[in-house]
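Student: Sequence and predicted structure, then a few things I'm wondering about:
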Amino acid sequence: MTSTILLDAAAAGGFDYRTLIMMGAIMVVFYFFMIRPQVKKAKDHKKLVESLGIGDKIVTTAGIHGKIVGANDTTFLIEVEGGTKIRFDKSAVSLDATKAATTPPATKA
């Protein structure tokens with residue numbers, strides 16, 4: 001009984017290509033507005049972390065300012081005010097303050 005109802009519904013409506021096209025369009029929009037920017041942001045952050053070295057001033061995601069005094073595969077040893085040293089995961093770095101201080105601000109034309 002159930003199979004005849006489903007077959008009758010499929011036969012009456014047929015296959016609608018518009019639904020397939022709309023689903024494809026939604027996937028394309030989702031990719032360009034959601035997935036692609038996140039991947040680009042992750043690549044930029046990885047490039048930033050790889051470019052950092054001992055002596056660079058950084059700002060962490062927690063807002064802590066410091067200078068890198070040591071590094072290993074996954075962490076940085078950061079010296080903050082008063083000579084205190086704190087170890088942070090490399091993913092916690094949000095800004096290279098050395099480059100931010102030396103880069104002139106953009107002017108509006």
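Tutor: Happy to help now that I have it.
Student: drop to CA atoms for contacts and neighbour counts, all remaining ones
Tutor: Will do.
Student: now the strands: where do they sit in this structure?
Tutor: If DSSP state E is used as the criterion, the strands of the chain fall at 57-60, 65-71, 75-79, 85-89, 93-96.
Student: Can you tell me which of those strands is nearest to L48?
Tutor: Nearest to L48 among those is strand 93-96; the distance by C-alpha to C-alpha comes to 7.6 Å.
Student: Dump the strands of the chain into TSV; add mean pLDDT as well.
Tutor: TSV is the format used below for the strands of the chain (pLDDT from 0 to 100):
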stretch	mean pLDDT
strand 57-60	93
strand 65-71	94
strand 75-79	94
strand 85-89	94
strand 93-96	89
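Student: mind putting the ones you listed in CSV, distance to F33 and mean neighbour count included?
Tutor: Putting the strands of the chain into CSV (distance: least, C-alpha to C-alpha, whole Å; neighbours: other C-alpha atoms under 10 Å) gives the following:
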stretch, distance to F33, mean neighbour count
strand 57-60, 27, 20
strand 65-71, 33, 19
strand 75-79, 32, 21
strand 85-89, 29, 15
strand 93-96, 23, 19
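Student: Fine by me, thanks again.
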